[in-house]
Each structure stands twice: as structure tokens, then as C-alpha cells.
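Engineer: Quick one: sequence and predicted model below, then my questions.
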Amino acid sequence: EISTRDWSSDVCSSDLDKDRLNKALEDIDIVIHTAALKHVPVAEYNPFEAIKTNVFGTQNLIEGCLDNEVSLAIAVGTDKAVAPLNTYGATKLLMERLFVSANYHKGKHKTIFSCVRYGNVMGSRGSIIPYVLNQISQNKPIKITDPTMTRFNITMNEALNLIFRGLKNPIPGQILVPKLKSYRLQDLVDVIIEMSGKKTEIERMPVRVGEKHHEEIGRAHV
């Protein structure tokens, strides 16, 4: 029997909640680490908050997994961790490094630490597709930065399948990366507008601080 518990809304993995986090891990077999301060502009504006949650919080989770002899811990990463240009990407890169290195200094503890890494989850909060659809529904112009920017998308089911694959065949220190094709921002917006059947204007706006023109996802392992 595998013990599970949903404490994502009850326990924060920051340094101040280390004891509560450790308590939440009692009698747990598998941990999926998805907690993060994830939006690029938010992390740029509050860099230390991103460090506390994404880096210190990850180390607290690792120590809690070891203390409670959790069988498997898998962290969910992002393509922004590859050659990071912003605070969010840098903290997620450190998150991956912490999880991978935990396998080398865990001593006699049994916990296996591994990661998965993928691009933007299609339709997730704050992502491009909901934004464009919202602008079209309100008859407002769609503001984009550089239309030649490229990004990676993955559906929710594809993301979950990748995580489950990591859970089914865990390898200490592995980073599972799917094979994904990038798309141009302009192409995505054009398709959404065409499918909506509405005439919508597109306006250019400045590139945000820390925003990469072309994301990378790294070597594909699956």
C-alpha cells in the first residue's frame, strides 16, 4: 500500500515551515515536488522570495524525505532551467542540481531522487493561450513581445504521463526530458485567432526583463 497525502494547500516548503513540512512527510512513500514561485516577472521582482521557495524549500523537502525514509521523490522542472537567463530559471536549475546531488550524499537512506523537465503546460494559469482567448473574448487587442520568439508546449496529459513514467521506472539522478517541437509565438496567436473567427488586432510591446527569445529544453531522454 502506498501512502499519499495532498498537502499542497496546507504546507509551504519555505524555511519557516520546515517543521510542518517534515510533519507532513510522515508515513509518505512518494513525493512529487511541484511547489515553486513560477512566473518569470514575479521572480524578477522578488528574487529572494523565489530563492527561498524554489531553492531553500527544495533542500528542506530533500531533508524531510531523508528523515522520513520516503521511497521516491520526483521534482518537476522546466525548460527555463536550461541556460537560464532569469531568476526563475536559475532557481529551477538549482532545484534540479539539489535533487540529483541528493542521491550522492544520502548515505544509508533509501530515498531515490529524480526529476522530469518539460515546457509550458498548455492552458495553465498565466500562459499564452488563456491570455489570447481572454483578449479575444473581450474584443481587446492581443499584446505580444517578439513574434519570432519560440517556446515549447506540452498538454496536461502528456505532462502527467511523463511524471508517471518517472514514478514507474525511477532511476537515481535521472532527468526525464520529452521530445518536443518548438513553435513561434506569432504562429500560435495566428492559429487561435483563426479558430475564433474574429478579427483581432495584434500590438507589439517591449520584451520583459529576463525573457528569453528562444527557450531550450535540453537533451531528450525519452
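Structural biologist: Thanks, I have the structure now.

Engineer: Run through who's touching the helix or strand encompassing I32.
Structural biologist: Assigned by DSSP states H and E, I32 belongs to strand 30-33. With contact meaning Cβ atoms under 8 Å, 6 or more residues apart in numbering, strand 30-33 is reached by 2, 4, 25, 58, 61, 65, 70-76, 95, 99, 163, 167. The C-beta positions use only the backbone N, C-alpha and C, and glycine is treated the same way.

Engineer: how about low-confidence regions in the protein?
Structural biologist: Along the chain, the parts satisfying pLDDT under 70 run over 1-16, 220-222.

Engineer: Just the ones in strands from the contacts of strand 30-33, please.
Structural biologist: Judged by DSSP state E, these include L72, A73, I74, A75, V76 as members of strands.

Engineer: ok, now how distant is the residue lying farthest from the centre of the chain from Q186?
Structural biologist: Among residues of the chain, the one most distant from the C-alpha centroid is K199; the distance is 33.6 Å, by Cα atoms, centre = their mean. Computed with Cβ to Cβ, to the nearest Å, the distance linking K199 and Q186 is 17 Å.

Engineer: quick revisit: next secondary structure after the strand holding I32?
Structural biologist: According to DSSP H and E, the helix or strand after strand 30-33 is helix 40-45.

Engineer: May I see the buried residues of that next one?
Structural biologist: For helix 40-45, the neighbour count (16 or more other Cβ atoms under 10 Å) marks V40, A43, E44 as buried.

Engineer: Now do the same contact list for H109.
Structural biologist: Shown in contact with H109 (Cβ under 8 Å, 6+ apart): L66, E69.

Engineer: swap that for K80, please
Structural biologist: Residues near K80 by Cβ under 8 Å, 6+ apart: V40, N86, Y88, G89, K92, K212, E215.

Engineer: out of these, which are inside helices?
Structural biologist: V40, Y88, G89, K92 (DSSP state H).

Engineer: Does the last one touch L37 like I think?
Structural biologist: Put plainly, it is K92. No: if you go by Cβ atoms under 8 Å, K92 and L37 don't touch, sitting 10.0 Å apart.
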